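**Student:** dropping the sequence and predicted coords here.
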Amino acid sequence: MAQGKDYVFHRDLTKTYPIITRAEGVYLYEESGKRYLDASSGAIAVNLGHGVDEIVYAMAKQAKDAAFVHTLRFETHVLHELSREIAELAPGSLNRVFYTTGGSEANESAMKLARQYHRDRGNAEKWIVIGRWQAYHGNTIGSLSAGGDIKRRKPFTPMLLPYEHVPSPHCSRCPYGKTLQQCQATSMACVDALERLILEIGPEFVSAFICEPIVGSQQGAVVPPEGYLRQVRELCNRYDIILIIDEVMCGFGRTGKHFAVEHFAIEPDILTFGKGVSSGYAPLGGMIVSDRIVQSLIENSGGKFTHGYTYSGHPVSVAAGLAAVRYYKEKDVLANCQQQSAYLFEQLELLRAKHRIVGEIRGKGLLIGFELVMDRERGTPFPPKAGIADRLNQIAMEQGAVFYPGSGGIDGEQGEHLLIGPPLTINQGEIKELVAILDHSLTLLETELFSVYPIN
């Protein structure tokens with residue numbers, strides 16, 4: 001494409017981005033013909049891979065039938081069909097689905113619903129949301145306030161809501177200096193910290209606690225210790241706090257289950273979703289709400305949620321979601337995710353044995369954190385200014401694969417990782433290619449680093 005004056009407000013105005021003209025399966029194709037293996041499913045969104053005809057045709061058909069209706073006045077069949085399909089996948093009493101255009105709006109909606117639920121039951125002082133540091137829930141003011149992504153928060157600190165935070169459970173980097181064995185022998189320090197904060201604030205002021213079941217982009221697929229989420233659920237019950245589980249990244253098969261909470265045998269009050277619900281083919285997200293909250297709205301709020309968006313339940317996006325959810329089932333995508341996950345973890349451990357800068361490898365399913373460290377024995381991180389994860393991803397892109405780099409996973413500043421999350425439809429041959437590119441990229445990066453840093 002001929003380049004003239006640039007009218008795009010780029011996410012980084014100093015960069016020139018490759019132009020993708022075609023995508024198929026796990027591959028993206030630049031206009032020059034260069035091919036990239038999409039090892040991050042875009043932003044851990046394209047769970048079903050690129051170019052799925054069933055989704056494309058469903059969107060086109062719905063656009064022709066009825067491209068837009070306003071859900072304050074009308075609804076569509078696809079809205080009801082997708083809601084039924086999602087409710088059947090969701091745990092326990094999570095049976096009502098509200099739609100947004102993405103994860104930020106989904107989490108914003110969930111926090112507003114929690115507030116209205118308490119207020120209309122006569123608990124008007126319950127408004128504070130507790131989130132976790134090194135967590136990400138979106139970029140709207142409310143979701144950014146609840147999240148604990150230091151770098152994203154800093155420019156907008158004066159605008160943020162005075163929500164509270166506790167550390168995320170990261171046992172290999174425990175902020176309390178404890179071992180998992182110590183916590184299991186007594187009480188879990190991160191749960192104790194949450195209860196202490198609730199009591200310091202006053203339970204009568206706390207509306208909701210929001211967390212990812214597996215911390216995604218900010219820490220790189222950190223899995224909580226056994227029992228953590230069950231104990232959090234018990235705390236929320238004890239103090240009448242709404243438990244919001246953010247499955248925007250983890251949901252719809254990404255961890256090898258329909259939803260990641262299934263790994264931990266808990267049921268939240270609200271479960272938020274996005275990304276994989278439509279496999280990224282159209283902007284779609286939402287929340288699944290428990291029967292208890294729905295019944296309370298009917299009894300105490302006249303059945304009305306004081307909230308909504310122009311594009312809530314957009315027919316074309318919902319049609320994409322319906323086709324995607326049916327594709328998951330018909331193609332048994334979760335089984336492939338589980339099978340390929342085992343193989344990919346095995347191959348990544350071989351890379352860890354070969355490359356000294358590879359630290360912990362963690363996660364579930366095809367949501368995998370690949371830690372990068374200067375000293376593996378001590379867990380010493382690289383200096384934040386080195387931008388190691390970004391540099392590794394840059395090299396990988398030159399070699400023909402794209403990952404999801406992250407930094408600040410330890411304390412908001414330190415801690416480098418890649419998030420590896422290819423489409424759940426990937427096959428073993430494509431995993432071999434992914435690993436080979438990552439292997440070569442690590443070799444090239446280590447050659448650059450060894451003259452600068454004392455790597456052990």
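**Tutor:** Nice, I can see it. Numbering: from 1, shown residues only.

**Student:** so after the lowest-mean-pLDDT helix or strand in the chain, what's the next helix or strand?
**Tutor:** Least confident helix or strand of the chain, by mean pLDDT, DSSP states H and E, is helix 180-185 with a mean of 85. Using DSSP states H and E, the next helix or strand after helix 180-185 towards the C-terminus is helix 189-201.

**Student:** let me know the secondary structure of Leu37.
**Tutor:** Per DSSP: H, G, I helix; E, B strand; the rest coil, the secondary structure class of Leu37 is strand.

**Student:** what sits against the residue lying closest to it once chain neighbours are set aside?
**Tutor:** Nearest non-adjacent residue to Leu37, counting by CB to CB, 6 or more residues apart in numbering: Ala401, 4.2 Å away. To be clear about C-beta, it is placed using only N, CA and C from the backbone, and glycine gets the same treatment. For Ala401, the contact set (CB atoms under 8 Å, 6 or more residues apart in numbering) comprises 36-39, 433-434, 437-438, 441.

**Student:** please apply the same query to Leu28.
**Tutor:** 20, 22, 35-36, 38, 50, 402.

**Student:** you'd agree Ser83 is in a strand?
**Tutor:** No. Per three-state DSSP, Ser83 lies outside any strand segment and is helix.

**Student:** give the contact list for it.
**Tutor:** Ser83 sits in contact with 96-97, where contact means CB under 8 Å, 6+ apart.

**Student:** and it, how far is that from His77?
**Tutor:** Counting by CB to CB, to the nearest Å, the gap from Ser83 to His77 is 11 Å.

**Student:** this structure: helices as residue ranges?
**Tutor:** If DSSP state H is used as the criterion, the helices of the chain fall at 41-44, 53-66, 77-89, 103-120, 141-146, 150-153, 180-185, 189-201, 228-238, 291-300, 315-330, 333-354, 388-399, 428-449.

**Student:** which other helices and strands contact the fourth one?
**Tutor:** Using 3 or more CB pairs under 8 Å, 6 or more residues apart in numbering; DSSP states H and E as the contact criterion, the neighbours of helix 103-120 among helices and strands are strand 94-100, helix 141-146, strand 206-211, strand 242-246, strand 270-273, strand 285-290, helix 291-300.

**Student:** any chance of those in a markdown table, plus mean neighbour count and mean pLDDT?
**Tutor:** Shown next, in a markdown table, are those (neighbours: other CB atoms under 10 Å; pLDDT from 0 to 100):
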| stretch | mean neighbour count | mean pLDDT |
| --- | --- | --- |
| strand 94-100 | 23 | 98 |
| helix 141-146 | 24 | 98 |
| strand 206-211 | 26 | 98 |
| strand 242-246 | 28 | 98 |
| strand 270-273 | 29 | 99 |
| strand 285-290 | 26 | 98 |
| helix 291-300 | 14 | 98 |
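
**Student:** top of the contacts of Ala401 by neighbour count?
**Tutor:** When those are compared by neighbour count (other CB atoms under 10 Å), Ala39 ends up highest, at 29 neighbours.

**Student:** what sits against the closest residue to Gly142 other than its chain neighbours?
**Tutor:** Computed as CB to CB, 6+ apart, the closest residue to Gly142 that is not its neighbour in sequence is Glu108, at 4.5 Å. Neighbouring residues of Glu108 by CB under 8 Å, 6+ apart: 100, 138, 140, 142-143.

**Student:** before we move on, what about Gly49?
**Tutor:** Applying CB under 8 Å, 6+ apart, the residues near Gly49 are 24-26, 279, 423-426.

**Student:** how about the nearest residue to it, chain neighbours excluded?
**Tutor:** Closest residue to Gly49 apart from its sequence neighbours, by CB to CB, 6+ apart: Pro423 at 3.9 Å.
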